[in-house]
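A.B. asks: this is a predicted model, with the sequence first.
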Amino acid sequence: MPLSSRHLLGLQGVPKEDIQLILDTATTFREVLERPIKRVPTLQGKTIVNLFYENSTRTRISFELAEKRLSADSVNFAVSASSVSKGESFKDTMRNIEAMKVDMVVVRHSAAGAPLFLTKICDANVINAGDGIHEHPTQALLDMYSIREKLRKIEGLKVCIVGDISHSRVALSNIYGLKTMGADVSVCGPLTMIPRYIEELGVKVIHNIDEAIQENDVLNVLRIQLERKAREYFPSIREYAKYFGITEERLEKNGKDIVILHPGPINRGVELSSGVADGLNQIILKQVTNGVAVRMAVLYLLGTLN
Ligand code: CP
């Protein structure tokens, strides 16, 4: 069965069958990444542009590698080196790029809704690589893939998302995806960083981090987004680390063999101590590896729909 949409704008409303198909297809591509020659001809002849209006390390490189592994022609657009600096609009930029005959667009933008806008003005398949504080669907897909790889299931697991929920596209995509796949989802963080509507999404709020560790199988720990004025929502970084930071002492005290994810980049000593960031509970670099396979799956499934 093909995917039910020709774009991936978010995980809100995406059917369970689609998520299952992406995760299962990613398993096939994960095996390709272990081969000496990590390349398949699947998207030969397709042209994909990576349109990044915001900085990125993992997502941009991961998409670029995924495109190369699928034998697509891949073009990178960095806003700082483009005619955007001369005042060219988002719409004109996209229409000019599309005039060069691109099949798919991977877009990261600080404005929520930018990927949706692209679907209205161009014919290419659009993949959201993070839009403002809205969604980051491929991050949530790779998180779910990594949880499933580690714990052999998603349904019935208790997963807590920790940190700045209000300003996190990773949190929202994880909530939609995990709920669809049957996980029991909670959030934990300073009250100032938990949106009032969160319980309407079927998500429990846990106020105490020790309780979150005790009650859950998985913690997905978010980065405190210092560039998005996160500091205004709690008194100091030191206080945040004291009340919500995951440390080895805290894990030991709770005696819990919990799985820890983090989307990166990590603020070491803030949301995770260095010991935890490099420790036995975390699967952070596995998430990064799996990200390439998951993005290959998304590109393949959308790219062969046309
Ligand atoms: N997880 C994530 O989106 O990281 P980047 O900002 O480096 O792409």
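C.D. replies: That came through, no problem.
A.B. asks: show me which residues of the stretch 101-250 of the chain sit near the ligand.
C.D. replies: Gly130, Gln139 (CB under 6 Å from any ligand atom). C-beta: built from backbone N, CA, C; applies to glycine.
A.B. asks: try 8 Å
C.D. replies: Arg108, Ala129, Gly130, His136, Gln139, Val170 (CB under 8 Å from any ligand atom).
A.B. asks: mind putting those into JSON lines with secondary structure, neighbour count and distance to Gly275?
C.D. replies: JSON lines is the format used below for these (DSSP: H, G, I helix; E, B strand; the rest coil; neighbours: other CB atoms under 10 Å; distance: CB to CB, whole Å):
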{"residue": "Arg108", "secondary structure": "strand", "neighbour count": "25", "distance to Gly275": "31"}
{"residue": "Ala129", "secondary structure": "strand", "neighbour count": "27", "distance to Gly275": "31"}
{"residue": "Gly130", "secondary structure": "strand", "neighbour count": "27", "distance to Gly275": "29"}
{"residue": "His136", "secondary structure": "coil", "neighbour count": "27", "distance to Gly275": "27"}
{"residue": "Gln139", "secondary structure": "helix", "neighbour count": "27", "distance to Gly275": "24"}
{"residue": "Val170", "secondary structure": "helix", "neighbour count": "26", "distance to Gly275": "23"}
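A.B. asks: could I get the full set of helices for the chain?
C.D. replies: Per DSSP state H, the chain carries helices over the ranges 16-32, 58-69, 90-99, 114-121, 137-151, 169-180, 209-215, 237-244, 248-254, 274-277, 284-303.
A.B. asks: dump those helices to CSV, plus mean pLDDT.
C.D. replies: CSV is the format used below for the helices of the chain (pLDDT from 0 to 100):
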stretch, mean pLDDT
helix 16-32, 98
helix 58-69, 98
helix 90-99, 95
helix 114-121, 97
helix 137-151, 98
helix 169-180, 98
helix 209-215, 97
helix 237-244, 94
helix 248-254, 95
helix 274-277, 98
helix 284-303, 98
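A.B. asks: in the stretch 101-250 of the chain, which residue sits closest to the ligand?
C.D. replies: Gln139 (5.3 Å; CB to the nearest ligand atom).
A.B. asks: ok, that residue - contacts?
C.D. replies: Thr59, Gly130, Arg169, Val170, Ser173, Asn174, Pro263, Gly291 (CB atoms under 8 Å, 6 or more residues apart in numbering).
A.B. asks: ok, now with 10 Å
C.D. replies: Contacts for Gln139 (CB atoms under 10 Å, 6 or more residues apart in numbering) come out as 11, 58-59, 62, 128-130, 169-170, 173-174, 177, 220, 263-264, 287, 291, 294.
A.B. asks: specify which member of the residues of the stretch 101-250 of the chain next to the ligand is nearest to Leu23.
C.D. replies: Gln139 (13.8 Å; CB to CB).
A.B. asks: can you list the buried residues in stretch 202-212?
C.D. replies: Val203, Ile206, Ile209, Ala212 (16 or more other CB atoms under 10 Å).
A.B. asks: just flag the most distant two among these.
C.D. replies: Among these, Val203 and Ile209 lie farthest apart (CB to CB), at 16.4 Å.
A.B. asks: what are the bridge partners for Lys158, then?
C.D. replies: Under DSSP bridges, the beta-bridge partners of Lys158 are Asp184.
A.B. asks: wait, it sits on Asp217?
C.D. replies: Yes. Lys158 is within contact range of Asp217, at 5.0 Å (criterion: CB atoms under 10 Å).
A.B. asks: which one of these two has more residues nearby?
C.D. replies: Neighbours were counted for Lys158 and for Asp217 using other CB atoms under 10 Å; Asp217 has more, 19 against 16.
A.B. asks: would you agree that one is in contact with Ser186?
C.D. replies: No. Using CB under 10 Å, Asp217 is not in contact with Ser186, being 11.1 Å away.
A.B. asks: overlap in contacts of the two?
C.D. replies: Lys158, Val159, Cys160.
A.B. asks: before we move on, back to that, take the buried residues of stretch 202-212 and write them to JSON lines, including distance to Glu17.
C.D. replies: Below are those laid out as JSON lines (distance: CB to CB, whole Å):
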{"residue": "Val203", "distance to Glu17": "23"}
{"residue": "Ile206", "distance to Glu17": "31"}
{"residue": "Ile209", "distance to Glu17": "35"}
{"residue": "Ala212", "distance to Glu17": "31"}
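A.B. asks: now, among those, which is nearest to Phe244?
C.D. replies: Ile209 (5.2 Å).
A.B. asks: ok, for that closest one, nearest residue in space, not its chain neighbours?
C.D. replies: Distances taken as CB to CB, 6 or more residues apart in numbering place Phe244 nearest to Ile209, at 5.2 Å, with adjacent residues excluded.
A.B. asks: Pro190 is in contact with that neighbour, correct?
C.D. replies: Yes. Phe244 lies in contact with Pro190 (CB under 10 Å); the separation is 6.9 Å.
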